[in-house]
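In: would you be able to build a 3D model of this:
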Amino acid sequence: MATEILMPALSPTMEEGTLAKWLVKEGDTVKAGDILAEIETDKATMEFEAVDEGVMGKILIAEGSEGVKVNTPIAVMLEDGESAEDVASAPAAKAPEAAPAPKAAPATAKAPEAPKANTSPDWPDGTEMQTMTVREALNTAMAEEMRRDDTVFVMGEEVAEYQGAYKITQNLLEEFGAKRVIDTPITEHGFAGIGVGASWGGLRPIVEFMTWNFAMQAIDQIINSAAKTLYMSGGQMGSPIVFRGPNGAAARVGAQHSQDYAAWYAQVPGLRVVQPYSAADAKGLLKTAIRDPNPVVFLENEILYGRSFEVPKLDDFTIPFGKAKIWREGTDVTIVSFGIGMTYALEAAEKLAEDGISAEVIDLRTLRPMDTDTVIASVMKTNRCVTVEEGWPVASIGNHISAVLMQKAFDYLDAPVINCTGKDVPMPYAANLEKLALTSTQEVIDAVRQVTYR
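Out: Residues are numbered from 1 along each chain as shown. Okay, here's the model as predicted:
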């Protein structure tokens with residue numbers, strides 16, 4: 001049976017080319033691997049090989065022809081016993097007659113169903129609670145996991161002898177020794193790469209960055225090495241590693257030390273991205289992160305380290321990724337935030353309640369995977385949404401939530417979604433300007449009043 005030879009795509013971006021020269025002629029016997037022609041692309045002249053055996057029956061495109069589209073038939077290969085005349089005289093197949101188009105049914109719009117949000121409690125009712133700072137919660141989570149699994153170790157600048165720049169790794173060196181609590185040089189690219197390699201070798205590193213701003217030196221290791229390895233190895237090799245440290249603004253540390261990387265990393269396939277607010281979430285999510293087979297970007301906040309919250313007294317307390325938390329139920333507006341943005345969201349909700357505005361406050365907790373079902377279900381009830389974060393406004397987490405709501409809850413929105421974010425400027429050093437560059441409780445209140453028309 002005659003086989004058409006098609007214009008090949010000799011590069012991923014090739015759409016057309018010039019058939020510069022035929023190296024065979026009609027009637028020639030061709031074997032697989034023989035060079036048939038030279039083809040010019042916008043980048044190079046390349047040789048085109050035969051993939052089957054046969055006889056060159058008919059050349060359809062003459063050499064020198066320009067602008068030949070990829071997949072255009074350029075020749076016909078014959079099998080033994082066939083002739084070029086058979087190809088030339090073969091009647092063209094008659095195209096089947098088109099069936100009459102069915103009569104269009106009248107369009108009916110079906111309202112989307114509310115997604116089933118996971119509102120199960122993070123711990124059983126009646127669980128004994130204890131007060132703990134976020135700093136203590138993170139420290140406890142690491143210590144518990146290092147006792148449970150001897151492949152877990154911590155590395156970073158000043159994590160051992162100095163017990164951590166923010167005392168998150170306090171007492172770990174004393175309990176676990178210098179082989180599992182490792183001080184590194186000031187070279188984020190280097191020790192992040194060592195951590196990634198260790199994760200490929202069967203260990204579970206926790207890499208601490210003194211600040212996520214310094215992790216800019218290691219972003220290639222995080223995104224190109226850790227995040228992509230499982231995919232690029234065809235599932236043969238993962239990277240169970242946690243990158244953690246303070247993220248976002250602190251207090252008067254300038255533009256280079258105040259950036260919020262939440263939206264940066266949340267965009268990257270292959271990463272898990274977590275940003276807790278409370279001590280319970282910090283502990284439960286960090287334990288989950290250490291056990292996860294994927295690389296986890298764990299974003300903390302320096303200002304929250306000293307804040308105290310209630311934490312359940314449980315032998316093994318974890319919180320699953322992809323499960324938001326409703327901190328406060330409401331009926332008039334949904335306020336969505338994460339990390340330190342929750343302070344503005346909760347303060348705004350308290351003050352709005354004094355004026356009779358009932359705000360539902362949702363903490364995303366994990367940004368990848370993100371629990372948008374809980375947000376959508378809430379907006380279907382309140383019909384309004386305001387998002388809150390300290391990062392920049394362009395390509396923010398709030399932008400993504402707005403897009404999701406436009407697709408999945410558009411008919412339920414009674415007002416545009418408003419994103420409260422940091423200002424679109426490098427962080428000023430001066431205290432008065434720094435305050436203006438961040439979002440605030442008052443901005444959240446003003447946004448809620450705008451969407452509720454009150």
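In: drop to CA atoms for contacts and neighbour counts, all remaining ones
Out: Noted.
In: just the C-alphas of stretch 367-383, formatted as PDB.
Out: Taking only C-alpha atoms (Å, rounded to 0.1, in the frame of the first residue of the first chain), the coordinates of stretch 367-383 have been written out as PDB:
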ATOM      1  CA  LEU A 367      -1.500  28.100  48.800                       C
ATOM      2  CA  ARG A 368      -0.600  25.000  46.700                       C
ATOM      3  CA  PRO A 369      -2.800  23.000  46.800                       C
ATOM      4  CA  MET A 370      -5.300  25.800  47.400                       C
ATOM      5  CA  ASP A 371      -8.800  25.000  48.900                       C
ATOM      6  CA  THR A 372     -10.900  27.100  46.600                       C
ATOM      7  CA  ASP A 373     -13.900  25.000  47.200                       C
ATOM      8  CA  THR A 374     -14.300  26.500  50.700                       C
ATOM      9  CA  VAL A 375     -14.000  30.000  49.300                       C
ATOM     10  CA  ILE A 376     -16.500  29.300  46.500                       C
ATOM     11  CA  ALA A 377     -19.000  27.800  48.900                       C
ATOM     12  CA  SER A 378     -18.700  30.800  51.200                       C
ATOM     13  CA  VAL A 379     -19.100  33.300  48.400                       C
ATOM     14  CA  MET A 380     -22.200  31.500  47.200                       C
ATOM     15  CA  LYS A 381     -23.600  32.300  50.600                       C
ATOM     16  CA  THR A 382     -22.300  35.900  51.200                       C
ATOM     17  CA  ASN A 383     -22.200  37.000  47.500                       C
END
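In: ok, and what's touching it?
Out: Around stretch 367-383, the neighbours that count as contacts under CA atoms under 8 Å, 6 or more residues apart in numbering are 114-118, 262, 266, 271-275, 321-324, 330-334, 336, 360, 362, 364, 385, 401, 404-405, 408-409, 412-415.
In: please apply the same query to stretch 223-237.
Out: Under CA under 8 Å, 6+ apart, the answer for stretch 223-237 is 196, 200, 238-239, 268-271, 294-295.
In: repeat the analysis, applying 6 Å as the threshold.
Out: 238-239, 270-271 (CA atoms under 6 Å, 6 or more residues apart in numbering).
In: likewise stretch 5-23?
Out: Outside of stretch 5-23, the residues that reach it under the criterion CA under 6 Å, 6+ apart are 36-41, 63-76.
In: in helices, which of the residues you listed fall?
Out: Residues of these located in helices (DSSP state H): none.
In: which of the residues you listed are buried?
Out: Among the contacts of stretch 5-23, those buried by neighbour count (16 or more other CA atoms under 10 Å) are 36-41, 63, 66, 68-70, 73-76.
In: farthest pair within the residues you listed?
Out: The span of the buried ones among the contacts of stretch 5-23, defined through CA to CA, is set by 41 and 76 at 22.2 Å.
In: can you give me the helices in the stretch 51-200 of the chain?
Out: Counting by DSSP state H, counting those that start in this stretch, residue ranges of the helices within the stretch 51-200 of the chain are 84-89, 134-148, 172-176, 188-200.
In: and after the last one, which helix or strand comes next?
Out: Past helix 188-200, further along toward the C-terminus, the next helix or strand under DSSP states H and E is strand 204-208.
In: distance between that following strand and the chain's centre?
Out: In terms of CA atoms, centre = their mean, to the nearest Å, the gap separating the centre of strand 204-208 from the centre of its chain is 20 Å.
In: of all the buried ones among the contacts of stretch 5-23, which comes closest to residue 50?
Out: When those are compared for distance to residue 50 (CA to CA), residue 36 comes out closest, at 6.2 Å.
In: against residue 68, how distant is residue 45?
Out: Going from residue 45 to residue 68 by CA to CA, to the nearest Å gives 14 Å.
In: thought residue 56 was touching residue 28?
Out: Yes: with contacts defined as CA atoms under 6 Å, residue 56 counts as touching residue 28 at a distance of 5.4 Å.
In: comparing these two, which shows the higher neighbour count?
Out: More neighbours sit around residue 56 than around the other of residue 56 and residue 28, counting by other CA atoms under 10 Å; the figures are 24 against 12.
In: for residue 348, what is the enclosing helix or strand?
Out: Once you assign secondary structure using DSSP H and E, residue 348 falls within helix 341-354.
In: contacting residues around that helix?
Out: Judged by CA under 6 Å, 6+ apart, the contacts made with helix 341-354 from elsewhere in the structure are 359, 388-389, 440-441, 445.
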